[in-house]
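Asks: build me a structure from this.
(one chain, ligands or ions: 2)
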Amino acid sequence: MKKIEHIGIAVKSLETSNPLFEKLFGAAPYKEEEVASEGVKTSFFMNGPNKIELLEATNEESPIAKFIAKKGEGIHHIAFDVEDIIVEMERLKGEGFIILNDIPKKGADNKLVAFLHPKTTNGVLIELCQEIR
Ligand SMILES: CC[C@H](C(=O)O)C(=O)SCCNC(=O)CCNC(=O)[C@H](O)C(C)(C)COP(=O)(O)OP(=O)(O)OC[C@H]1O[C@@H](n2cnc3c(N)ncnc32)[C@H](O)[C@@H]1OP(=O)(O)O
Ligand SMILES: [Co+2]
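Replies: Ligands and ions are numbered 1, 2, ... in the order given. Next up, the predicted model:
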């Protein structure tokens, strides 16, 4: 894991939050995408080299809906860029981290993704992202 790929922020409504982050970054989202398998729709912003992902739940079962119900809006996860997600998953499993999905899954923004359980990462949900080449 070499660099932060994005920071995920849980929001109740992209319609409300997009304009706020547009003001903050002085730029509109460069992409909006729904990931039905995760029960989310997302907006992506670039702020210099930093990518911010806003996530709104698309159903009540969504991890984002449960997160907001429990903790309110705010930082949801940190995603790291990995060269080879399979190798990294194996390495982290060997180190005792709990990987939430056995095989990488299709994420947003043309990535394969996997998540580490926050109870094994000091309470921070970590996402691994590999560019789909
Ligand atoms: C893939 C599209 C996009 C991308 O970048 O490509 C995304 O990032 S999608 C993001 C949404 N998808 C996910 O988050 C998938 C991984 N998350 C999960 O599998 C669950 O959310 C899980 C397992 C982290 C928690 O689910 P659970 O059903 O167990 O919910 P609980 O409320 O019971 O939580 C258990 C325990 O974990 C704490 N928790 C939950 N979410 C987070 C979080 N984001 N950060 C830190 N801690 C979290 C929660 O507070 C509970 O702790 P406890 O001490 O028991 O209260
Ligand atoms: Co993410």
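Asks: that's a helix at residue 93, yeah?
Replies: Yes: applying DSSP: H, G, I helix; E, B strand; the rest coil, one finds residue 93 inside a helix.
Asks: skipping its backbone neighbours, what lies nearest it in space?
Replies: Leaving aside its sequence neighbours, residue 93 sits nearest to residue 99 (C-beta to C-beta, 6 or more residues apart in numbering; 5.8 Å). Quick note: C-beta positions are derived from backbone N, CA and C, even for glycine.
Asks: is that neighbour bridged to anything, and to what?
Replies: Beta-bridge pairing of residue 99 under DSSP bridges involves residue 116.
Asks: tell me the contacts of it?
Replies: Residue 99 sits next to 89, 92, 93, 114, 115, 116, 117 when contact means C-beta atoms under 8 Å, 6 or more residues apart in numbering.
Asks: also residue 83?
Replies: Here residue 83 is in contact with 2, 130 (criterion: C-beta under 8 Å, 6+ apart).
Asks: what comes up buried for the helix ranked longest in the chain?
Replies: Counting by DSSP state H, the longest helix found in the chain is helix 14-25. In terms of neighbour count (16 or more other C-beta atoms under 10 Å), helix 14-25 has its buried residues at 14, 17, 18, 21.
Asks: the third one contacts residue 42, doesn't it?
Replies: No: Residue 18 is not in contact with residue 42 according to C-beta atoms under 8 Å; the separation is 10.8 Å.
Asks: picking up where we left off before, buried among the contacts of residue 99? Make that a PyMOL selection.
Replies: Here is the PyMOL command that selects the buried residues among the contacts of residue 99 (16+ other C-beta under 10 Å):
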select buried, resi 89+92+114+115+116
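Asks: near ligand 1, which residues of this structure?
Replies: 8, 35, 38, 40, 53, 55, 63-64, 66-67, 70, 76-77, 79, 100, 107-108, 111, 113, 115, 117-118, 123, 125, 127 (C-beta under 6 Å from any ligand atom).
Asks: go with 8 Å
Replies: Within the chain, the positions adjacent to ligand 1 are 6, 8, 10, 35, 37-40, 42, 53, 55, 62-64, 66-67, 70-71, 76-77, 79, 100-101, 105-109, 111, 113, 115, 117-119, 123-125, 127, 129 by C-beta under 8 Å from any ligand atom.
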